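Asker: Predicted coordinates and the sequence they were generated for:
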Amino acid sequence: MEASLSLRCLLITVQGGQIILPNSLVAEVLPFAPPLQIEMAPHWVTGAMLWRNLTTPLVSLGRLIFRVKAEADLNSRIIIVNTLGADSKLPYFGILGTSAPRPLNLRHQDIQMDQDVAASESHRPGVLGWALYQDQSVIIPDMEAIEAVLQPLLRRS
């Protein structure tokens, strides 16, 4: 019964902080490889790679959420995630991470909303919510908002 009360998640370290995602969203973790450029992309879309014969955009949540400068954005992993939408041109995208994600069995009592985040910080682009896990601030990314920016980029390619 206890297992049904937990959610398998991954804690992903990105430049500037950590994000948490349900394990079911993660398709694969790959070693870092330099991406190909996407013209006219926002600064936090670092490029794209060919994965499973699909053009898969790569995003830096360090740049988007934590405002890390591009030259300071070091990456060692690409975390391929399933999208939430039904767009056949965008079934996946990659998140740049600084290390391998850490698996968690997250129970309701293990995480709480971070009440200490300033109002100006709580509405950053790409952020659905700020939470506390083991007394550390973690981001719950707004996957739908990120996908909405990526969709038109792929339509142009």
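Answerer: Here it is on my side, so go on.
Asker: neighbours of residue 86, just the number please.
Answerer: Close neighbours of residue 86, defined as other Cβ atoms under 10 Å, add up to 7. The C-beta positions use only the backbone N, C-alpha and C, and glycine is treated the same way.
Asker: before we move on, which element is it in?
Answerer: Using DSSP states H and E, residue 86 sits in no helix or strand.
Asker: Begin at 14, not 1, for the rest of this chat.
Answerer: Taking 14 as the first residue, the last one we looked at is residue 99.
Asker: who's in contact with it?
Answerer: By Cβ atoms under 8 Å, 6 or more residues apart in numbering, residue 99 lies in contact with nothing.
Asker: tell me what the lengthiest strand in the chain is packed against?
Answerer: With secondary structure taken from DSSP state E, the chain has its longest strand at strand 19-27. Strand 19-27 makes packing contacts with strand 30-35, strand 105-110, strand 115-120 when contacts are defined by 3 or more Cβ pairs under 8 Å, 6 or more residues apart in numbering; DSSP states H and E.
Asker: Spell out, range by range, the strands that occur in this protein.
Answerer: 19-27, 30-35, 39-44, 58-64, 67-72, 90-95, 105-110, 115-120, 124-126, 140-146, 149-154.
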